[in-house]
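K.L.:
take a look and give me a structure for this.
(2 chains)
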Amino acid sequence: MPGAAELRTLQRRINSVRSTQKITHAMELIAASRITRARQAVEAARPYAVMITRVIRDLAAESSVADHPLLTQPAAVDRVGLVIVAADRGLAGAYNANILRRAERLAEAETQQGRDAVRYIVGRKAQQYYHYRGEQVAESWTGVTDRPRYADARQIADRVINDYANGDIQRVWLCYTDFRSALRQVPSVAQLLPVEQRELAGGAGYTAEFMFEPEPAEILGQLLPRYLEHRVYAGLLESSASEHASRQRAMSNASENASEIIDELTREANAARQAAITTEISEIVGGAEALAST
Amino acid sequence: MTEEQRPTMQVDVVSAERELFSGEATAVFARSVLGEIGLLRGHQPAVLGLGKAPVRIQDTQGDELHFAVHDGFLECRGDELTVLADIAELAVEIDVERAKEAYARAVRHEQDPEYEGDAAAEKARAQLRLRMAGVEGY
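P.N.:
Sure thing, here's the model as predicted:
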């Protein structure tokens, strides 16, 4: 009977959509819990950022140390480093596409000024993107963005600080996604190196009675890499929270779409069943009438 | 003078990943690049580099809190003291089994030129953790 076959096909499709919905719903819940965790990590890391910034500002106010190489603008800038933070996985709406587009816009602006762009990338999706485009990258890291740890940020920061100190690159940008709210994440760029003077201005300085061990210049030299590592760490955490928020939204939309499709298919299935019953009844009635008329 | 009357100072211990302690304390002991030091309220203001060593804090109840600090700085401003650590852990939170594994791994790698200074630093970290956790023989 054609009606029954159609009914079976519809039932199969409903089941398939329903199991997809289970997966998208689970991903939505996981993403939601990860946003919370990433936000907590951002909050937990804030005291260190506040303290180290204050100490560095006070140290920078000592005139003897203001000419640290990480603080001074190189005379000529012809190679620029970009640290680009994307995700390892997709299924997060336009998250990866947005940050990569933002980073490439910056790279293009630098190239138009006659500078080379050197890319340091985080996340498998960024790797795939640059591999596909045949673009060389200086280094790439994966397995970081789902749950960033300080040690990850340290590796990344140390690599760019090293290249900057060697003179390979004369400026470094950090491209990350800023988590403004659960509904709003903004692809952003911030200058990492050289550390901008205004970031470190306004320190009260230290009074003459202060004892320094080792020398202030050496303390600053040790603190500045920590400061940069911490900025990369904060960028990774913001990006991670944004990634999970984007994924939660994408998966919530997917679950909703699945519900709509299930409703639609259920209606079709009901109609098909009704049609099959109607056909059956009219056949029986037709048969009964045929018998009665004999 | 009884314990309760000793002057206190505001002490903060922060690591890159989180804040471990924030509150009033009567004394802080640490090993700086100058050697072992004890700081009370009113100590000469100072900024000191810290190595891989324990930091002890005496709180207002007279209890002592022990932290394993792996590199960082201590800033003392008379009535305020801040420990900025690269890595810091509360001694009671140290995972002894993991530290033992890390120690064994570091010893294995020590002779391997591929790891260079990394193994030595890893060994020092593991040793500090184990000593802080009260494990004998390290």
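
K.L.:
where does pLDDT dip in the stretch 101-250 of chain A?
P.N.:
Low-confidence segments of the stretch 101-250 of chain A (pLDDT under 70): none present.

K.L.:
mind checking if stretch A:42-58 is in reach of chain B?
P.N.:
Yes: counting by CB under 8 Å from any CB of the partner chain, chain B has neighbours in stretch A:42-58: A:Ala44, A:Ala45, A:Pro47, A:Tyr48, A:Met51, A:Ile52, A:Val55. Heads up, the C-betas are built off the backbone N, CA and C, glycines and all.

K.L.:
near chain B, which residues of the stretch 101-250 of chain A are found?
P.N.:
Close to chain B, as judged by CB under 8 Å from any CB, the stretch 101-250 of chain A has residues A:149-150, A:206-207, A:209-214, A:216, A:218-219, A:222-223, A:226, A:229-230, A:233.

K.L.:
for the longest helix that chain B contains, buried residues please.
P.N.:
When chain B is parsed with DSSP state H, its longest helix is helix B:117-132. For helix B:117-132, burial by neighbour count (16 or more other CB atoms under 10 Å in any protein chain shown) applies to B:Ala119, B:Glu122, B:Lys123, B:Ala124, B:Arg125, B:Ala126, B:Gln127, B:Leu128, B:Arg129, B:Leu130, B:Arg131, B:Met132.

K.L.:
out of the residues of stretch A:42-58 next to chain B, who's nearest B:Asp59?
P.N.:
Set against B:Asp59, the nearest of the residues of stretch A:42-58 next to chain B by CB to CB is A:Pro47 (18.4 Å).

K.L.:
how many neighbours does A:Pro74 have?
P.N.:
A:Pro74 is flanked by 14 other residues according to other CB atoms under 10 Å in any protein chain shown.

K.L.:
same for the lowest-mean-pLDDT helix or strand in chain B, what does it pack against?
P.N.:
Here the helix or strand of chain B ranked lowest by mean pLDDT, DSSP states H and E is helix B:117-132, holding a mean of 79. Counting by 3 or more CB pairs under 8 Å, 6 or more residues apart in numbering or on different chains; DSSP states H and E, the packing neighbours recorded for helix B:117-132 are strand B:46-59, strand B:64-76, strand B:80-90, helix B:96-109.

K.L.:
quick check on the nearest residue to B:Ala46 once chain neighbours are set aside: phi, psi?
P.N.:
Nearest residue to B:Ala46 in three dimensions, chain neighbours excluded: A:Met211, at 4.1 Å (CB to CB, 6 or more residues apart in numbering or on different chains). Backbone torsions of A:Met211, given as degrees, to the nearest 10, read phi -110, psi 130.

K.L.:
was I right about A:Met211 contacting B:Gln44?
P.N.:
Yes: using CB atoms under 8 Å, A:Met211 makes contact with B:Gln44 at a distance of 5.7 Å.

K.L.:
quick one: which of those two has more around it?
P.N.:
A:Met211 (13 against 10).

K.L.:
circling back: in JSON lines: the residues of stretch A:42-58 next to chain B, plus pLDDT and distance to A:Ala138.
P.N.:
Compiled in JSON lines, the residues of stretch A:42-58 next to chain B are given as follows (pLDDT from 0 to 100; distance: CB to CB, whole Å):
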{"residue": "A:Ala44", "pLDDT": "91", "distance to A:Ala138": "31"}
{"residue": "A:Ala45", "pLDDT": "91", "distance to A:Ala138": "26"}
{"residue": "A:Pro47", "pLDDT": "91", "distance to A:Ala138": "33"}
{"residue": "A:Tyr48", "pLDDT": "92", "distance to A:Ala138": "28"}
{"residue": "A:Met51", "pLDDT": "89", "distance to A:Ala138": "32"}
{"residue": "A:Ile52", "pLDDT": "90", "distance to A:Ala138": "27"}
{"residue": "A:Val55", "pLDDT": "87", "distance to A:Ala138": "31"}
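
K.L.:
of those, which belong to helices?
P.N.:
A:Ala44, A:Ala45, A:Pro47, A:Tyr48, A:Met51, A:Ile52, A:Val55.

K.L.:
and the furthest pair within these?
P.N.:
A:Ala44 and A:Val55 (19.1 Å).

K.L.:
who has more neighbours out of those two?
P.N.:
Using other CB under 10 Å, the more surrounded residue of A:Ala44 and A:Val55 is A:Val55, with 22 against 16.
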